[in-house]
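> predicted model and sequence follow; I will ask about them next.
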Amino acid sequence: MGSAVSIVVSSVVIALVGGLLVLLEPEASTPGTSVTGSYSVATKGPGPYGSGTLGPWQHLLRRVSPEDQIRDVLTFDGVFMFGDSIAVQDSAALERLLADRTGDSIAFHDWSGQPASAAVDALAQWQRDYGLPRRIIMAVGTNDIFDPPAFTAQVERALKIAGPDRTVYWVNVYASRLRQPSGIQDADLANSQWINQQLEDAALRHPNLRIIRWSEFLSAQPDGPSTYLRDGVHTSEPAGGNARNNLIVQALQTPRR
């Protein structure tokens, strides 16, 4: 009898653990795609802009604040952040750094692989459900290298949702995936610059848009970005994560023009 009970209990534990892994692990790649950190990239052909094609991301790793945290952040006029896989990795350290440096609280909607359109959808949903604080960080755009022309419309959407009395801090992008062929790496860089130029153009139209210049920081390094990026996109730990988070906190501390 005891042996039978043990078998049943073991089966339940295995089933529960299996279910947990389904929740925590990235979605398995479908035929013809490979999951690379923040996105699924088509392996057949370079796509229309040379970087490939953004694949399924909805079941990749994410970090989304619970409702009580979101409401607390609003009560104390903290910060909302919407990010991709880089933010999923770095946002816990950013939360600690911001609390230590400024005392501000922060709520996150960080989702691996999400393009700007999905992050702006989340911004709109939070605006409807909770309202928005005075400061919003958008740490997305890397996954838009696969379709750069669509990016400007999402920046405009975000700024319309935020309104002119809130400051939107947008982290610009740098991508050159080291595991990809050199031609795709070059396309990644060119498309990153395309994304960043659209941010520059938007900042001329919107005084409340502040650009956090992660790309310029990486490009200015004498030995290149390898100290700060582990794969040409995602930050190294601790150097890259610390550097990017410091840029974000410094921007939040700088008075609005």
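Received, thanks.
> next, the contact list for Ala158, please.
By C-beta atoms under 8 Å, 6 or more residues apart in numbering, the contact list for Ala158 reads Ala116, Ala119, Val120, Leu123, Ile136, Met138, Val168. Any C-beta I mention is one placed from the backbone N, CA and C, and that applies to glycine too.
> farthest-apart pair in these, please.
Ala116 and Ile136 (13.2 Å; C-beta to C-beta).
> between those two, who's got more neighbours?
Between Ala116 and Ile136, Ala116 has the larger neighbour count (other C-beta atoms under 10 Å), namely 27 against 23.
> count of neighbours near Arg205?
Arg205 has 10 neighbours, counted by other C-beta under 10 Å.
> gap between the closest residue to Ser215 other than its chain neighbours and Asn196?
In space, and not counting its chain neighbours, Ser215 is closest to Tyr174: 4.3 Å by C-beta to C-beta, 6 or more residues apart in numbering. Separation of Tyr174 from Asn196 (C-beta to C-beta, to the nearest Å) stands at 9 Å.
> ok, Asp147 next?
15 Å.
> hang on, the earlier thing: which ones among the contacts of Ala158 are found in helices?
If you go by DSSP state H, those have Ala116, Ala119, Val120, Leu123 in helices.
> wait, doesn't the last one sit right on Phe82?
This points to Leu123. Yes. Checked against C-beta atoms under 8 Å, the pair Leu123 and Phe82 is within contact range at 5.7 Å.
> what residues do the two have in common as contacts?
With C-beta under 8 Å, 6+ apart as the test, Leu123 and Phe82 both reach His109, Ile136, Met138.
> who's in contact with the first one?
Same thing as His109. Contacts of His109 by C-beta under 8 Å, 6+ apart are Val64, Ser65, Phe80, Met81, Phe82, Gly83, Ala119, Ala122, Leu123, Trp126.
> and stretch 48-66, how far out from the chain middle?
In terms of C-alpha atoms, centre = their mean, to the nearest Å, the centre of stretch 48-66 is found 9 Å from the chain centre.
> output the below-cut-off pLDDT ranges for the chain.
1-45, 256-257 (pLDDT under 70).
> can you give me the strands in it?
Assigned by DSSP state E, the strands in the chain fall at 33-36, 39-42, 62-64, 79-83, 106-111, 135-139, 167-171, 209-212.
> the longest one pairs with which strands?
Same thing as strand 106-111. Counting by DSSP bridges, the strands paired with strand 106-111 are strand 62-64 (antiparallel), strand 79-83 (parallel).
> please identify the buried residues of the first one?
I take that to be strand 62-64. Buried residues in strand 62-64, counted by 16 or more other C-beta atoms under 10 Å: Arg62, Arg63.
> ok, and what's touching that strand?
Outside strand 62-64, the residues touching it (C-beta under 8 Å, 6+ apart) are Ala87, Val88, Ser91, Ala92, Phe108, His109, Asp110, Trp111, Ser112.
> cool, the longest one as well?
Residues external to strand 79-83 that are found in contact with it (C-beta under 8 Å, 6+ apart): 70, 73, 87, 91, 94, 98, 104-111, 119-120, 122-123, 126, 132-133, 135-140, 171, 252.
> please repeat the previous calculation with a cut-off of 6 Å.
With contact meaning C-beta atoms under 6 Å, 6 or more residues apart in numbering, strand 79-83 is reached by 104, 106-110, 119, 122-123, 133, 135-139.
> hmm, back to that, as CSV, the contacts of Ala158 with distance to Leu60 would be great.
What follows is the contacts of Ala158, written out as CSV (distance: C-beta to C-beta, whole Å):
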residue, distance to Leu60
Ala116, 16
Ala119, 14
Val120, 18
Leu123, 19
Ile136, 23
Met138, 19
Val168, 25
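> quick check: Phe108 touching Gln89?
No. Look at Phe108 against Gln89 with C-beta atoms under 6 Å: they stay out of range, at 11.8 Å.
> run the chain-centre distance for stretch 196-214.
How far stretch 196-214 lies from its chain's middle: 17 Å, per C-alpha atoms, centre = their mean.
> dump that stretch to PDB, keeping only the CA atoms.
The C-alpha atoms that make up stretch 196-214 are tabulated as PDB, following Å, rounded to 0.1, in the frame of the first residue of the first chain:
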ATOM      1  CA  ASN A 196      17.700  54.700 -33.800                       C
ATOM      2  CA  GLN A 197      17.300  57.300 -36.500                       C
ATOM      3  CA  GLN A 198      13.500  57.000 -36.300                       C
ATOM      4  CA  LEU A 199      13.900  57.700 -32.600                       C
ATOM      5  CA  GLU A 200      16.000  60.800 -33.300                       C
ATOM      6  CA  ASP A 201      13.400  62.100 -35.800                       C
ATOM      7  CA  ALA A 202      10.600  61.500 -33.300                       C
ATOM      8  CA  ALA A 203      12.500  63.400 -30.600                       C
ATOM      9  CA  LEU A 204      12.500  66.400 -32.800                       C
ATOM     10  CA  ARG A 205       8.700  66.300 -32.900                       C
ATOM     11  CA  HIS A 206       8.100  65.400 -29.300                       C
ATOM     12  CA  PRO A 207      10.000  67.400 -26.600                       C
ATOM     13  CA  ASN A 208       8.900  64.900 -24.000                       C
ATOM     14  CA  LEU A 209      10.800  62.000 -25.700                       C
ATOM     15  CA  ARG A 210      14.200  61.300 -24.100                       C
ATOM     16  CA  ILE A 211      16.600  58.900 -25.800                       C
ATOM     17  CA  ILE A 212      18.800  56.700 -23.600                       C
ATOM     18  CA  ARG A 213      21.900  56.300 -25.800                       C
ATOM     19  CA  TRP A 214      22.900  52.600 -25.300                       C
END
